[in-house]
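K.L.:
Below are the sequence and a predicted model for it; my questions follow.
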Amino acid sequence: MPNDPQIYVAIRPDEYAKLFDIATTDALKRLGTVRFAEGEGKMALPSDVADTTDVLVTSWSTEPFDPALVHGSRLRLAVHTAGTIRGLFPKSVLDSGLRVAQGGAAAMALPVAEMALTLTLALLRNLHTHDRGLQTTRDWVTGGTGMLGRSIQAQHIGIVGLSRTGRHYARMLRGLGVQRISAYDPYVSAEDAQALGVQLVELDELFATSDVVAAHAPVTPQTRGLIGAETLRLLRDGATFINTARSAITDEAALIAELTSGRINAGLDVFDAEPLPSDSPLFGLPNVLLTPHVAGGTIEARFAQGATVVAEIERFLRGDQLQHEVTAEIYDRLS
């Protein structure tokens, strides 16, 4: 690595400002010479970027990466500040000498778990019902006075996927006194789950026995459509389903059928079509809380994403082991 590493930040300026605060920007500039993309819309990579750059920094506003750029080039590391890398870096780049790190996903795991917990508590305590009733009618009775909610401590909660987010969610539940937590994740050992205070079970058992089920699995060929109509029917009447992960792991039509029947409740942050169409049958359902794919979006998380990326670049330049590297072995399991 040269004495003055060249770093190219392929992020739209307004997006960059939400990801890198002044201190993190200063830390980035201390690592080498930094060039910043300019303009609006998607940031296309300059034609000379691979030959003049050692480290590339990307985000949501970066155009997909052409793997042909890597062969015989100077570029050695790309660090992604946002979530999934799969739409930006094809798997083939990992065989070309370019190392790729997913810096943003780790920082977003905690706020996504926070949102999942927020939706869980709101639905158990009928927060949406009380607020809608009072705001709409200004009537105390219509607002649900006397309606009893449920204590989270008394619930049996199931987790689909002990990802980073799923693990944060499990720890939060334990901190609130939840004693019965189950999880379905074929990649996790029983010992690992036990250390989290979680019991591993099969998917059908999870849905049949849980009062609340929260999805925290990535979208992979194995998880796409994992939660279908037959699985959803296993939920008991009045159970709650939370999804702050990816809509594609569920059969959305089957979920909508269950929700429109009123049999179960749901808190949803992700949908098959985003933005959610104005004629979606999910709108107006009294048993559903909707948020517009904002689970990972806190001020603190955004700046943590930038800080995580800078720390990963620093490790790379020192020759230390990367903490968030994407390898060919795990590429297909990442969301």
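P.N.:
That came in fine, so what should we check first? In this text the structure is predicted, and so the values were computed from the model without any measurement. Numbers count the residues shown, from 1 in each chain.
K.L.:
And the strands in this protein?
P.N.:
Assigned by DSSP state E, the chain shows strands spanning 6-9, 33-36, 55-58, 77-80, 99-102, 156-160, 180-184, 199-200, 212-215, 240-243, 265-268, 288-290, 325-326.
K.L.:
And the average pLDDT for the third one is what?
P.N.:
Right, strand 55-58. Per-residue pLDDT over strand 55-58 has a mean of 96.
K.L.:
same question, the second one
P.N.:
With pLDDT averaged residue by residue, strand 33-36 scores 97.
K.L.:
Contacts for it next, please.
P.N.:
The contact list for strand 33-36 (CB atoms under 8 Å, 6 or more residues apart in numbering) reads 4-9, 11, 13, 16, 28, 53. Quick note: C-beta positions are derived from backbone N, CA and C, even for glycine.
K.L.:
and that strand, which residues are buried?
P.N.:
Using 16 or more other CB atoms under 10 Å as the test for burial, strand 33-36 gives residue 34.
K.L.:
and what of the fifth one?
P.N.:
The neighbour-count check on strand 99-102 (16+ other CB under 10 Å) flags 99-102 as buried.
K.L.:
and that strand, what does it pack onto?
P.N.:
Counting contacts by 3 or more CB pairs under 8 Å, 6 or more residues apart in numbering; DSSP states H and E, strand 99-102 is packed against strand 77-80, helix 299-318, strand 325-326.
K.L.:
how about 6 Å then?
P.N.:
Secondary-structure packing of strand 99-102 (3 or more CB pairs under 6 Å, 6 or more residues apart in numbering; DSSP states H and E): strand 77-80, strand 325-326.
K.L.:
Dump the strands of the chain into CSV; add distance to residue 316 as well.
P.N.:
As requested, the strands of the chain are arranged in CSV below (distance: least, CB to CB, whole Å):
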stretch, distance to residue 316
strand 6-9, 11
strand 33-36, 15
strand 55-58, 7
strand 77-80, 5
strand 99-102, 7
strand 156-160, 33
strand 180-184, 33
strand 199-200, 35
strand 212-215, 33
strand 240-243, 35
strand 265-268, 38
strand 288-290, 40
strand 325-326, 9
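K.L.:
Quick one: closest of the ones you listed to residue 278.
P.N.:
Residue 278 lies closest to strand 288-290 among these, at 12.4 Å (CB to CB).
K.L.:
Tell me which strands that closest one pairs with, and in which orientation.
P.N.:
strand 265-268 (parallel) (DSSP bridges).
K.L.:
what residues does the partner strand touch?
P.N.:
119, 123, 240-243, 259, 287-290 (CB atoms under 6 Å, 6 or more residues apart in numbering).
K.L.:
Drop anything exposed from the residues you listed.
P.N.:
Buried among those by 16+ other CB under 10 Å: 119, 123, 240-243, 259, 287-290.
K.L.:
Output those as TSV; include the columns pLDDT and distance to residue 186.
P.N.:
Shown next, in TSV, are those (pLDDT from 0 to 100; distance: CB to CB, whole Å):
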residue	pLDDT	distance to residue 186
119	98	25
123	98	28
240	98	24
241	98	20
242	98	21
243	98	19
259	98	27
287	98	31
288	98	29
289	98	29
290	98	30
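K.L.:
from the residues you listed, which is closest to residue 88?
P.N.:
Using CB to CB, those come closest to residue 88 at residue 243, 23.6 Å.
K.L.:
Could I get the contacting residues of the closest residue to residue 15 other than its chain neighbours?
P.N.:
Nearest non-adjacent residue to residue 15, counting by CB to CB, 6 or more residues apart in numbering: residue 61, 4.9 Å away. Contact analysis of residue 61 by CB under 6 Å, 6+ apart lists 11-12, 15, 43.
K.L.:
Filter these down to just the ones in helices.
P.N.:
residue 15 (DSSP state H).
K.L.:
from the contacts of residue 61, which two are the most distant?
P.N.:
Pairwise distances across the contacts of residue 61 (CB to CB) peak at 8.9 Å, for the pair 15 and 43.
K.L.:
Which one of these two is surrounded by more residues?
P.N.:
Set residue 15 next to residue 43 and count neighbours by other CB atoms under 10 Å: residue 43 wins out with 23 against 18.
K.L.:
for this structure, longest helix please?
P.N.:
From DSSP H, the single longest helix across the chain is helix 103-124.
K.L.:
mind listing what's buried in that helix?
P.N.:
Per 16+ other CB under 10 Å, helix 103-124 contains these buried residues: 103-120, 122-124.
K.L.:
neighbouring contacts of that helix?
P.N.:
Here helix 103-124 has contacts from 79, 81-83, 149-150, 152, 164-165, 168-169, 172, 212, 214, 240, 242, 244, 265, 267, 289, 295-296, 298, 301, 304-305, 308-309, 312, 324, using CB under 6 Å, 6+ apart.
K.L.:
I'd like to check the angle between it and helix 299-318, please.
P.N.:
150 degrees (axes from the mean of the first three to the mean of the last three CA atoms, to 10 degrees).
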